[in-house]
Every structure is written in C-alpha cells, then in structure tokens.
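1. Provided below for reference: sequence and predicted model.
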Amino acid sequence: MTNPIGDPGHGHSPAAWTNVLLMLVGISIATVGLFLALTWLLIVGGVVFIVGPIAGFILAKAGFGVNGPKYQPKGH
C-alpha cells in the first residue's frame, strides 16, 4: 500500500544529521564523565548534547532542513 501523503523526508538532511551527531557525541562524553566521576566532563557532555538541537534548528532555518532550498535529496 502506498503512502497517500507522500514521503515526509524522514530527516535525511544536513540539519537532522548534525543534530543527531552532536547529541550522540554529547551523551557519549557525558557517559564517560559519569563513569569516571568527572563532574566537569559530565557537564561538557551535557552542554554538547544541548547544542545539538540548537545547531539543527539553526541549520534548518538556514535552508539545510528537509524542505530548505539548500537541501539536495538523494535517490533511494
């Protein structure tokens, strides 16, 4: 059965990938900081994690989101 709405994009854009990558790096840094009981590293990881959605939002507004003019969809 075909989707009547069409392909919503699924977040395959530079903005979405940047968001997810920064959040993964941030949670990884925070996990190491928690494991080693280094509060400063835990805070750095949390800050990087929070920067992810902010960077994704800024890139989407700059045109790198799924519906942005600078986004070039790839063939499946």
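-> Perfect, thanks for sending it. None of these values were measured; they are calculated from a predicted model.
2. in the chain, what spans have low per-residue confidence?
-> 1-11, 73-76 (pLDDT under 70).
3. mind running it again at 90?
-> Residue ranges of the chain with pLDDT under 90: 1-16, 63-76.
4. tell me the centre residue of it?
-> In the chain, the centroid-proximal residue (Cα atoms, centre = their mean) is residue 19; its distance is 1.3 Å.
5. now the helices: where do they sit in the chain?
-> 14-35, 39-59 (DSSP state H).
6. What about the residue nearest to residue 33 when sequence neighbours are not counted, how many residues nearby?
-> Here the nearest residue to residue 33 in space, its sequence neighbours aside, is residue 41; by Cβ to Cβ, 6 or more residues apart in numbering that works out to 3.1 Å. Every residue, glycine included, has its C-beta placed from N, CA and C. Residue 41: 17 surrounding residues under other Cβ atoms under 10 Å.
7. which residues does residue 41 contact?
-> By Cβ atoms under 8 Å, 6 or more residues apart in numbering, the residues touching residue 41 are 29-30, 32-33.
8. Filter these down to the buried ones and hand me the PyMOL line.
-> In PyMOL, a selection of the buried entries from the contacts of residue 41 looks like this (16 or more other Cβ atoms under 10 Å):
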select buried, resi 29+30+33
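9. May I see the contacts of residue 41 arranged in CSV, with distance to residue 46 as well?
-> Listed next are those as CSV, based on distance: Cβ to Cβ, whole Å:
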residue, distance to residue 46
29, 9
30, 6
32, 12
33, 9
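10. Between which two of the contacts of residue 41 is the distance greatest?
-> 30 and 32 (7.4 Å; Cβ to Cβ).
11. shared neighbours of these two, which are they?
-> By Cβ under 8 Å, 6+ apart, the residues touching both residue 30 and residue 32 are 41, 45.
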